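Engineer: fold the following for me, if possible:
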Amino acid sequence: MTYHLLKLDRIDACPFESHHIQELVASIAQCLGRGLTPSSTTSGTSGSTPISNTFTSSSTASNTSKMETHKFDNGSYTGEMADGKFNGQGTYCWTDGGRYEGQWKNGNMHGRGIFYYANGSKYKGDWVNDKKQGWGTYDWQDGSRYEGQWNGDYMHGQGVFYYANGDKYDGQWENDHKQGPGIYYFADGSKYDGQWENGKKQGQGTYQWKSGSRYEGQWKNDCMHGQGTLYHPDGSKYKGQWVNDKQQGEGIYYYANGCRYEGQWFDDKKQGQGTFTWVNGDKYVGQWMNDRMHGQGIYYHADGNKYEGQWVNDMKQGQGTFTWNNGDKYTGQWMNDRRHGQGTYTWADGTRNSGIWKEGKFIG
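Structural biologist: As a prediction, the model looks like this:
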């Protein structure tokens, strides 16, 4: 704080007695002793160290500090002072509406204190050299609240954040971001328990939906990404690779009815090479597209029949061979799951019928 006394060019006459002059000199010396230690900032907004070209003051003496009131261009201070600085308990009111009530040290907010911000927010807790540091609670004007550790004006360490919408995060923080292990409770009843990085779900974690679904696995940028397992309420589950919240890569889907698919996925759908096994014993091994048997594949029937050939949208279409469990065989063209086009039917005894087929019937 800098205090400027009025400078007199000269004194033409002095009406005081000598003892009055001594008292005046002592008073000037006392003022000079208070005011020759400048502060670090000239800002006039809440939270800035006050400075002014002029001041008025009143004081009440104590053992080591004095209760004083000082007015500045950006506000006023009432509290204890020592060595010309705010030291001890005091209140500073800024002209913009901000107010700090608490402890001071060497002109800085230091110790325990409450800061009422002009916008309606409030911080109550520990301060070190004008910064929130230690343990404290910050209430935002929208109803959000943080209770926990601070470092250098940042939420840093262990803390709980209560969101205005009813969500809650309880965990580690670093420079105002969720970082490390933490639990996020959603207002709708869902919950995430796991690792965070730079405010996002990243690393290993478990997400529980209110519907009963549950994902356990890896995360990246708030998305299921990497290796993980998704459990559905009906008993089905997917175990495999994920990309940006989608089943993608290699994975196994266990259906609630006992069926199973093991193979490649793309954008939550069976795509690429894979094997589907039905609960009745049927099995398809081959290519898939958009969740359908599509391309080259073999279908093994539980009764011993087998089709090997081309597929389009879950149906035998194109060139293929169907072998019956009694030894009969058809090799030729197919359409919509029926023999259609040029083909040869060979019976188990070796006789054959070759020609044109239409919708499953031989026409010659």
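Engineer: hang on, isn't Arg292 packed against Tyr284?
Structural biologist: No. The criterion here is C-beta atoms under 8 Å, and Arg292 misses it with Tyr284 at 10.5 Å. In short, each C-beta sits where N, CA and C put it, glycine included.
Engineer: so the two - more neighbours on which side?
Structural biologist: Set side by side, Arg292 and Tyr284 show more neighbours around Tyr284, with 20 against 16, by other C-beta atoms under 10 Å.
Engineer: so what's that one up against?
Structural biologist: For Tyr284, the contacting residues are 275-276, 293, 297-300, by C-beta atoms under 8 Å, 6 or more residues apart in numbering.
Engineer: let's see whatever helix or strand Tyr100 lives in as CSV, backbone CA atoms only.
Structural biologist: Assigned by DSSP states H and E, Tyr100 belongs to strand 99-105. Extracted in CSV, the C-alpha atoms of strand 99-105 (Å, rounded to 0.1, in the frame of the first residue of the first chain):
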residue,chain,number,x,y,z
ARG,A,99,-16.0,-8.7,-0.1
TYR,A,100,-13.4,-10.7,1.8
GLU,A,101,-13.7,-11.4,5.5
GLY,A,102,-10.9,-13.3,7.1
GLN,A,103,-7.2,-13.4,7.9
TRP,A,104,-4.4,-11.4,6.3
LYS,A,105,-0.7,-11.6,6.3
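Engineer: give me the contact list for it.
Structural biologist: Under C-beta under 8 Å, 6+ apart, the answer for strand 99-105 is 46-47, 79-80, 85-93, 109-116, 127.
Engineer: redo that, cut-off 10 Å
Structural biologist: 46-47, 75, 77-82, 85-94, 109-118, 122-130 (C-beta atoms under 10 Å, 6 or more residues apart in numbering).
Engineer: just the ones of those residues in helices?
Structural biologist: Judged by DSSP state H, the subset of the contacts of strand 99-105 located in helices is empty.
Engineer: show me which of those are buried.
Structural biologist: 46-47, 75, 77-82, 85-94, 109-110, 112-117, 122-128, 130 (16 or more other C-beta atoms under 10 Å).
Engineer: can you add distance to Gln317 and give the contacts of Tyr284 back as a markdown table?
Structural biologist: Output for the contacts of Tyr284, formatted as a markdown table (distance: C-beta to C-beta, whole Å):
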| residue | distance to Gln317 |
| --- | --- |
| Thr275 | 20 |
| Phe276 | 18 |
| Met293 | 10 |
| Gly297 | 12 |
| Ile298 | 15 |
| Tyr299 | 13 |
| Tyr300 | 19 |
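Engineer: brilliant, that's me finished.
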